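Novice: What follows is a predicted protein model with its sequence.
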Amino acid sequence: MDEGDVHALMIGAAGCGKTAFFLYPNIEFSLATGMSFLSTDSKGDIFRNYGRIAKEKYGYHVAVLDLRNPTRSDGFNLLHLVNVRWATRKRMANGTFIAGSTPYGYRLQDRKLVVYEPEAVIVRKIFGWFLGGMGKQAIVNRLNCEHPEKRWYISGISYILSNPHYIGDALFQREFSTGALPYRMLKNEGQLPQYYVEDYNVPIVSTEDYHAAQRLQKQRETKGSVPKNQHLLSRKLHCTCGSLFRRKIICGEVYWECRRHNNSANSCPMLEIPESLVFASFTALTNKLAVHRAYILTPMLSQLEQMQTRHSGTRQKVYEVDKKIAALNDQSHTIARLHNKGILDSSDFTAQTGRVTQQVNALRAERRRLLREDENNDALADLRALDEAIAMIEETQTSFNKELFAEIVGKITMESPTELRFRLLGGMELTETIERRERRSA
């Protein structure tokens, strides 16, 4: 007999409470701890009683294997997957594959792509406007005005300009699905072969226009765009309207401009800001923080350390709450069993079930609150790192410190043309006033 707590065997007569008093509390406890587990459920009671709770209350992904009715299972047949993928790739290679989605400008008839002229006219306009010098955002704005029946976006324009279907060819397997759970669609960057099929369908634009559009896109990307995450302010500088700032160069000087303002000045009045001004504001902010460190950072650290001490038993408290939830679930199952046997009438059953449900919901809310308090430990560690970084500033900085910026700045919000709000390590937010030497007209 294994006397440890790793394995357990429950033996009892029918109706003695094996499920209600032993199984359900352990399932609730397993859900509360976040572990993955497998449960045999021949009658389906566990899934009916706890499947929804696991999904909605604890965020679990619940999969079912039903041997009595396999069509209701969340099945996974590896051999079927291999066969389907092999057959699909064979059809891609010989040009007989039919994609699941039809490109804009076409309709699928008798397993062939047929040109749909009302949309094909718009496709030709897009290529013509782009080769005529219009930018993608300008094309989007014009299409949304002239063709309001469809909402256009830059991603849709890029898709049309890059899709070889419009010259009668097809490129298959530009994306692929991962071969293991959880399935994800990834861009094919050489992991799998791609299949280019010529003369796959009727073209809409000429080959010359298509290839000219590809060259123009590459030229514009090389000249005007910057690889993601290369610059310090990429995805860190936000506008008060909620949009990100984008980098642009004007007369040799680097500026950052609100994307929404760039699309339409009427939708956001925020002007662009020189990059040098953002860096100068950060330097001024950290100088002030270094001077007043003893009055700002030290008291905050002290308060968080006191909170950590006060809530040092959070894990034990969460465990106690989990035990109470399990006990209340036992009580709920007992009430349900008594009602099913006719011992409790419907009114008493409803009243007692409602009371238990309220108590369980209150305990779950308490559990979430305790876990949020436990997150303060992470904030304390970040704040200590911030304090250590600021403590290294021994003299007034006269130039921008790139390494310090990358280490302690999480987000910058431009509250107004004269104010920047910096979010630093530990969630600390400080506002710095900026002075503009000159302002360009929008």
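Specialist: Done, it's in. Residues are numbered from 1 along each chain as shown.

Novice: now for the longest helix anywhere in the chain, which elements pack on it?
Specialist: In the chain, with assignment by DSSP state H, the single longest helix is helix 346-374. With contacts taken as 3 or more C-beta pairs under 8 Å, 6 or more residues apart in numbering; DSSP states H and E, helix 346-374 sits against helix 314-340. C-beta: built from backbone N, CA, C; applies to glycine.

Novice: What is the neighbour count of Y50?
Specialist: 23 (other C-beta atoms under 10 Å).

Novice: Show the pLDDT at the residue lying closest to V115 once chain neighbours are set aside.
Specialist: For V115, ignoring the flanking residues on the chain, the nearest one in space by C-beta to C-beta, 6 or more residues apart in numbering is V202 at 5.3 Å. Among the per-residue scores, V202 holds a pLDDT of 87.

Novice: again, but for the one 10 residues further on
Specialist: In the predicted model, A212 carries a pLDDT score of 91.

Novice: Specify the angle between the longest helix of the chain and helix 314-340 in degrees.
Specialist: With axes from the mean of the first three to the mean of the last three C-alpha atoms, to 10 degrees as the basis, helix 346-374 and helix 314-340 are set at 170 degrees to each other.

Novice: got the buried residues for helix 346-374?
Specialist: Neighbour counts over helix 346-374 (16 or more other C-beta atoms under 10 Å) mark 349, 352-353, 356, 359-360, 363-364, 366-367, 370, 373-374 as buried.

Novice: and the gap between L301 and T431?
Specialist: L301 is 21 Å from T431, where distance means C-beta to C-beta, to the nearest Å.

Novice: The two: who's more crowded?
Specialist: Legend: neighbour count by other C-beta under 10 Å for L301 and T431, higher for L301 (16 against 13).

Novice: and the more buried one, that one's in a helix?
Specialist: Yes: counting by DSSP: H, G, I helix; E, B strand; the rest coil, L301 falls inside a helix.

Novice: is it true that it touches A385?
Specialist: No: using C-beta atoms under 8 Å, L301 is not in contact with A385, being 11.0 Å away.

Novice: Mind jotting down where the strands sit in this structure?
Specialist: 106-109, 112-115, 170-172, 175-177, 185-187, 195-197, 237-239, 245-250, 253-258, 273-274, 409-416, 419-424, 429-433 (DSSP state E).

Novice: mind listing what T431 touches?
Specialist: By C-beta atoms under 8 Å, 6 or more residues apart in numbering, T431 lies in contact with E415, E419, L420, R421, F422.

Novice: Show me which of those residues are buried.
Specialist: Buried members of the contacts of T431, scored by 16+ other C-beta under 10 Å, are L420, R421, F422.

Novice: Please produce a markdown table containing the residues you listed, extended by pLDDT.
Specialist: Shown next, in a markdown table, are these (pLDDT from 0 to 100):
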| residue | pLDDT |
| --- | --- |
| L420 | 94 |
| R421 | 95 |
| F422 | 95 |
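
Novice: now those residues as JSON lines including distance to C251?
Specialist: Shown next, in JSON lines, are the buried ones among the contacts of T431 (distance: C-beta to C-beta, whole Å):
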{"residue": "L420", "distance to C251": "23"}
{"residue": "R421", "distance to C251": "28"}
{"residue": "F422", "distance to C251": "28"}
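
Novice: Would you tell me which one of these comes nearest to A379?
Specialist: Nearest to A379 out of the buried ones among the contacts of T431 is F422 (C-beta to C-beta; 16.6 Å).

Novice: Going by neighbour count, which residues in stretch 127-135 are buried?
Specialist: By neighbour count on 16+ other C-beta under 10 Å, the buried set for stretch 127-135 is F127, W129, F130, L131, M134.

Novice: Surely the first one and H211 touch.
Specialist: Looking back up the chat, that one is F127. No: taking contacts as C-beta under 8 Å, F127 lies outside contact range of H211: 11.0 Å.

Novice: picking that back up, so of the buried residues of stretch 127-135, which ones are in helices?
Specialist: Reading helices off the buried residues of stretch 127-135 with DSSP H, I get F127, W129, F130, L131.

Novice: For L232, state which of those residues is nearest.
Specialist: Nearest to L232 among those, with distances taken as C-beta to C-beta, is F130, at 31.9 Å.

Novice: quick check: domain ranges of this protein?
Specialist: 18-72, 78-224, 314-383 (automatic domain parsing).

Novice: circling back: could you dump the buried residues of helix 346-374 into JSON lines and include distance to K402 and pLDDT?
Specialist: Shown next, in JSON lines, are these (distance: C-beta to C-beta, whole Å; pLDDT from 0 to 100):
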{"residue": "F349", "distance to K402": "67", "pLDDT": "83"}
{"residue": "Q352", "distance to K402": "65", "pLDDT": "86"}
{"residue": "T353", "distance to K402": "61", "pLDDT": "84"}
{"residue": "V356", "distance to K402": "58", "pLDDT": "86"}
{"residue": "Q359", "distance to K402": "55", "pLDDT": "88"}
{"residue": "V360", "distance to K402": "52", "pLDDT": "82"}
{"residue": "L363", "distance to K402": "49", "pLDDT": "85"}
{"residue": "R364", "distance to K402": "46", "pLDDT": "79"}
{"residue": "E366", "distance to K402": "45", "pLDDT": "80"}
{"residue": "R367", "distance to K402": "43", "pLDDT": "74"}
{"residue": "L370", "distance to K402": "40", "pLDDT": "70"}
{"residue": "E373", "distance to K402": "36", "pLDDT": "59"}
{"residue": "D374", "distance to K402": "34", "pLDDT": "54"}
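
Novice: can you redo these as JSON lines with distance to P164?
Specialist: Output for the buried residues of helix 346-374, formatted as JSON lines (distance: C-beta to C-beta, whole Å):
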{"residue": "F349", "distance to P164": "65"}
{"residue": "Q352", "distance to P164": "67"}
{"residue": "T353", "distance to P164": "62"}
{"residue": "V356", "distance to P164": "62"}
{"residue": "Q359", "distance to P164": "62"}
{"residue": "V360", "distance to P164": "57"}
{"residue": "L363", "distance to P164": "59"}
{"residue": "R364", "distance to P164": "53"}
{"residue": "E366", "distance to P164": "58"}
{"residue": "R367", "distance to P164": "54"}
{"residue": "L370", "distance to P164": "56"}
{"residue": "E373", "distance to P164": "56"}
{"residue": "D374", "distance to P164": "53"}
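
Novice: wait, which of those is closest to P103?
Specialist: R364 (48.1 Å).

Novice: so who does the closest one touch?
Specialist: K57, I325.

Novice: can you count the residues close to the nearest residue to Y60 once chain neighbours are set aside?
Specialist: Sequence neighbours aside, A54 is the residue nearest to Y60 in space, at 3.9 Å (criterion: C-beta to C-beta, 6+ apart). Around A54 there are 18 other residues, counting by other C-beta under 10 Å.

Novice: For A54, give its distance to E208.
Specialist: In terms of C-beta to C-beta, A54 sits 58 Å off from E208.
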